Structures are given as C-alpha cells and as structure tokens.
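Asks: My questions concern the predicted model and sequence given below.
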Amino acid sequence: MTTVAILPVSDELGRVGYRAVAGRLHSEGTTAGQALDGLASQLPQDESETLVVVQHRQPDRHFTSRDQRRVEELMTLWRAARDSGTTFPEVLQIELDQLVELEVRGATERATRLLDELGR
C-alpha cells in the first residue's frame, strides 16, 4: 500500500500551496488535488491501494499559533517592502527564514510521526 501525505506549504511570496509526499516521491500544486495528481503520475502502475492523509494548518507543538501569527506579520511587512521597492530589513528576513525552516521541520516531524503510526 502506498501512503500519501498532503501538507500545506507556503512559498517565499507567502502563497499557500500543497505538497504531496509518498516516500521519496513528491509533487507540489496550488490545490491538494493538483499535488496528489502530480504525485499519482509518479507512482508505479501496480500500486492498487493508496492511503491519502491531508494535514491542515493547525497550531501544534512544532509550529505554534504565535509562530503562525509572526510569519503572517513578517510576510505582510515583506510584501509591503516588495511593493514599495524598499529593502526588507536583514534582521527580519533572518527571522522569517528561521520561522519558515521551523515550519518545514514541523511538517516533517508530523509526517514522520504519521508514517510511524501507520507502520504499527
């Protein structure tokens, strides 16, 4: 059985999309369905059973509501700087990069935990 996790992801512009992951295979799309379709085209033809899990953006121990709010604040500032043609302060860019990395690590931890639970 192939297990697929679909996770919300944000790009550097703050746009939300989705990443579908099955082992080492992955695909991204603007919708969960688009990400899943891209991944499905990579799966072996003989896979007849597939389990799909969609994870929503809820605060948890890996990425708290405070972290989520701060990313939104920083992205608002980043977009304002971009739109006005001004430089986004380096200290804020570093903070934003760290939060994005934290969010990615959290998604990885959640997916790993889910796969471990499914393996039991």
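Replies: Received it, and whenever you're ready, just let me know what you need.

Asks: pLDDT averaged over the lengthiest helix in the chain, what's the number?
Replies: Selection of the longest helix in the chain by residue count, based on DSSP state H, yields helix 90-118. What helix 90-118 shows for mean pLDDT is 87.

Asks: list the buried ones in that helix?
Replies: 96, 99, 100, 103, 104, 106, 107, 110, 111 (16 or more other C-beta atoms under 10 Å). Where C-beta positions appear, they are placed from N, C-alpha and C, glycine not excepted.

Asks: Next one: the third one relative to residue 6, how far apart?
Replies: Looking back up the chat, that one is residue 100. 19 Å (C-beta to C-beta, to the nearest Å).

Asks: now the angle from the helix or strand containing residue 72 to helix 90-118?
Replies: Here residue 72 sits within helix 65-84, counting by DSSP states H and E. Interaxial angle of helix 65-84 relative to helix 90-118 (axes from the mean of the first three to the mean of the last three C-alpha atoms, to 10 degrees): 130 degrees.

Asks: Extract the C-alpha trace of helix 65-84 and format it as CSV.
Replies: C-alpha atoms of helix 65-84 as CSV (Å, rounded to 0.1, in the frame of the first residue of the first chain):
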residue,chain,number,x,y,z
SER,A,65,-0.2,29.9,16.9
ARG,A,66,2.4,32.5,18.0
ASP,A,67,4.7,31.3,15.2
GLN,A,68,1.9,31.4,12.7
ARG,A,69,1.0,34.9,13.7
ARG,A,70,4.6,36.1,13.5
VAL,A,71,5.0,34.6,10.0
GLU,A,72,1.9,36.4,8.9
GLU,A,73,3.2,39.7,10.4
LEU,A,74,6.6,39.3,8.7
MET,A,75,5.1,38.4,5.4
THR,A,76,2.9,41.5,5.5
LEU,A,77,6.0,43.6,6.1
TRP,A,78,7.9,41.7,3.4
ARG,A,79,5.1,42.3,0.8
ALA,A,80,4.9,46.0,1.8
ALA,A,81,8.7,46.3,1.2
ARG,A,82,8.5,44.5,-2.1
ASP,A,83,5.5,46.5,-3.3
SER,A,84,7.1,49.8,-2.4
